[in-house]
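> Structure here, sequence nowhere to be found:
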């Protein structure tokens, strides 16, 4: 009977778990904190997939972000638009913000909510080409095409300066980026039935709104002080999920926070521009040490691993290949200075290229995705000090007498061991060498090396060439 009871209990547990999952009585909370990058998008996309597998009632994206990378933001929005679970963006806690990319995510969500004391907006794209490119002037247009609301082109009636005025400026990179962002956020606003005009204003003029103002202008759907208040306000609300109406039932459901796993944490570390920068430097110098001292193995293995990790990080980060090329050129010139000394010319040029390339490496102005000036400065300072120490060592070495090689033999003093006609053998520096001379020599005579031809010395007698006893009885 005991065995039957255990089997029955186990059978009940097996069937109870699917029933609990099928009820979907859980609100899954994903936290988006700090800059939005590849790690954040991976975390959110996998979180939405997990919510769909568990048939969760709702997913809440609790946001406090200054913005992030455009590619990562679009990955998150694509996952929201294709999600089978309603997604609620919630700017919280008080004092939080959903700037730039966070505003787009709020507009894409099925329900947009904010806590009191929060704000969103300032959605103008910042990685829009070279510095100094003029941006479009603010307008009051509602068409999204850059024209004023009355549809006129300007004082010249759209004749592009035929009346003597300046011709219209052709669109630049910044215009294209801004217009693309405007079209994107307008489409999201139209999809969710929210304020289209303010969405465009947030992009074109970097406008921002507080929570109550956003609710009043139909930018968001509700204001809630905390998570419990949010779920209470969501209960009974109808949303459209994949083309079908769905009524939310959030009263009394469990709240479960989905923590970032080890994969997300590792990805967040690797995609930190400062970490990727350090990995690249460690990888390059590790391989160089291995090439200079073959057989150490350790520097080569560590360098190869670090370099591959850096390449992966650069693959998902907005890297400027011109900056990367300058950085590698700088390192190459510094190494070349150590191999072929040029009295600092190659080294100084390498340091300059290294610093410029480091500054240009990240092709974005998004907060949190730039290499720290302190790190660039410290790295450049260490390279400069190393180069200076190398140059000083080379200058000191030039003043020292030669102690090895053919140059050291010229002028050396030796003793004749034996001689026949114009050749014989001499002892110099404790070594026996074959020697030639156009003068006859006596064993024990002191000679000076005048030249060297392969392994044969050309010698001449010194002023005092008195034979020196070579030993014996």
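Received, thanks. In this text the structure is predicted, and so the values were computed from the model without any measurement.
> for residue 428, phi and psi?
Dihedral angles phi and psi of residue 428 (degrees, to the nearest 10) take the values phi -140, psi 130.
> Contact partners for the most centrally placed residue in the chain?
Nearest to the mean C-alpha position of the chain, by C-alpha atoms, centre = their mean, lies residue 273 at 3.1 Å. Contact analysis of residue 273 by C-beta atoms under 8 Å, 6 or more residues apart in numbering lists 313, 317, 361, 362, 369, 370, 371. Every C-beta, even on glycine, is put in place using the N, C-alpha and C of the backbone.
> from what I can see residue 85 touches residue 49, true?
No. When contacts are counted by C-beta atoms under 8 Å, residue 85 is not listed as touching residue 49 (9.7 Å).
> Residue 257 - how many residues pack around it?
12 (other C-beta atoms under 10 Å).
> hang on, the earlier thing: per-residue pLDDT of the residue nearest to the centre of the chain, please?
Looking at residue 273, its pLDDT reads 89.
> Stretch 420-435: which residues count as buried?
Applying a neighbour-count criterion of 16 or more other C-beta atoms under 10 Å, one finds 424, 425, 426, 428, 433, 435 buried in stretch 420-435.
> now what about it, what contacts it?
With C-beta under 8 Å, 6+ apart as the contact definition, stretch 420-435 has outside contacts at 409, 412-419, 436-438, 440-441, 447, 449, 455-459.
> what sits opposite residue 120 in the beta ladder?
For residue 120, the beta-bridge assignment (DSSP bridges) gives partners residue 98, residue 209.
> Pull the contacting residues for it.
If you count contacts by C-beta under 8 Å, 6+ apart, residue 120 has them with 91, 97-99, 102-103, 106, 114, 208-209, 214, 219-220.
> which of these lies closest to residue 336?
Of all the contacts of residue 120, residue 336 sits closest to residue 99, with 45.3 Å by C-beta to C-beta.
> Skipping its backbone neighbours, what lies nearest that closest one in space?
residue 122 (4.7 Å; C-beta to C-beta, 6 or more residues apart in numbering).
> Strands - which of the contacts of stretch 420-435 land there?
Secondary structure assignment (DSSP state E) places 413-419, 436, 447, 449, 456-459 from these within strands.
> Please pick the buried ones from those.
For those, burial is judged from neighbour counts taken by 16+ other C-beta under 10 Å, and it is met by 414, 415, 416, 417, 419, 447, 449, 457, 459.
> and which of the ones in strands among the contacts of stretch 420-435 is nearest to residue 63?
residue 449 (82.5 Å).
> wait, isn't the closest one in contact with residue 457?
Yes. Between residue 449 and residue 457 there is a contact at 5.2 Å, judged by C-beta under 8 Å.
> Mutual contacts of the two, please.
Counting by C-beta under 8 Å, 6+ apart, the contacts common to residue 449 and residue 457 are 409, 414, 428.
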